[in-house]
Structures are given as structure tokens and as C-alpha cells.
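Chemist: sequence unknown, structure follows:
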């Protein structure tokens, strides 16, 4: 087994086309801390073939993302010739200042 990231990750997801099969990409909630617990704030993409190439998106410090969902590009949902990560990550975001 290989550890994919030192960051804390919550609510991991994959493209449903590769669910329960070998897959390359994982998206999950992550906090702003690279080495320790932090509230789930942003979204991270992990490439399982090269975990060092992780991509992290963090909103403003007072904003927090909910559980991510993967949505394949329209018309490409079941197209096996399409890249596994060809789509969008959707998440609800809460503003801690305004409570919206």
C-alpha cells in the first residue's frame, strides 16, 4: 500500500465510470494545513500514478467546501475514450462570515 498524501482527506470520490475499478484520479475535501488536522476547507485532486503531483484548491480562509461530486462533461458520461478526469467538480461552499 502507498500513502497518497500527507494531507488530511475527507469524502473521497472518483468518476462514476471507474467506480469499483482501477482508477487514476481521486478528489477529496482537504484542509489548509499540509501536515496535520484541519477542517475540510478546499478540494484536492490526487493522481494515483504520481501522488507528488497533487493539486489543491483552497477558497478564502473564511469559506468551506462541502463534499465534492464529479460530473462528467455533458455527452461524455459513458465514453471510455474520454479522459477519466474530463469533467467538473461540484461542491457547496459556506461563507463563515455571512453564514451563507
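Modeler: In hand now; what should we look at? What you see is a predicted model, and the numbers here were worked out from it, not measured in a lab.

Chemist: Mind checking the pLDDT average for stretch 60-72?
Modeler: pLDDT averaged over stretch 60-72 equals 93, rounded to a whole number.

Chemist: Distance from the chain centre to it, please.
Modeler: 8 Å (CA atoms, centre = their mean, to the nearest Å).

Chemist: buried residues in that stretch?
Modeler: Taking 16 or more other CB atoms under 10 Å as the neighbour-count basis, stretch 60-72 is seen to contain the buried residues 63-65, 68, 70, 72. Yep, even glycine has a C-beta here, placed from its N, CA and C like the rest.

Chemist: And residue 69, how close does it get to residue 43?
Modeler: 11 Å (CB to CB, to the nearest Å).

Chemist: what residues do the two have in common as contacts?
Modeler: In the contact map built from CB atoms under 8 Å, 6 or more residues apart in numbering, the residues linked to both residue 69 and residue 43 are 89, 91.

Chemist: Of the buried residues of stretch 60-72, which belong to helices?
Modeler: Mapping those onto helices (DSSP state H) picks out no residues; all lie outside.

Chemist: out of the residues you listed, which one sits closest to residue 97?
Modeler: residue 63 (8.5 Å; CB to CB).

Chemist: In contact with that closest one, which residues are there?
Modeler: With CB under 8 Å, 6+ apart as the criterion, the residues that contact residue 63 are 41, 93-96.

Chemist: ok, the residue nearest to the spatial centre of the chain to residue 100 distance?
Modeler: When the chain is reduced to its mean C-alpha position, the nearest residue by CA atoms, centre = their mean turns out to be residue 27, at 2.3 Å. Remark: distance between residue 27 and residue 100 (CB to CB) = 24 Å.

Chemist: Residue 67 now?
Modeler: Going from residue 67 to residue 100 by CB to CB gives 18 Å.

Chemist: quick one: residue 12 and residue 27 touch, right?
Modeler: Yes: the pair residue 12 / residue 27 is scored as a contact, 7.1 Å apart, by CB atoms under 8 Å.

Chemist: any idea which helix or strand carries the residue nearest to the centre of the chain?
Modeler: Here residue 27 sits within strand 25-30, counting by DSSP states H and E.
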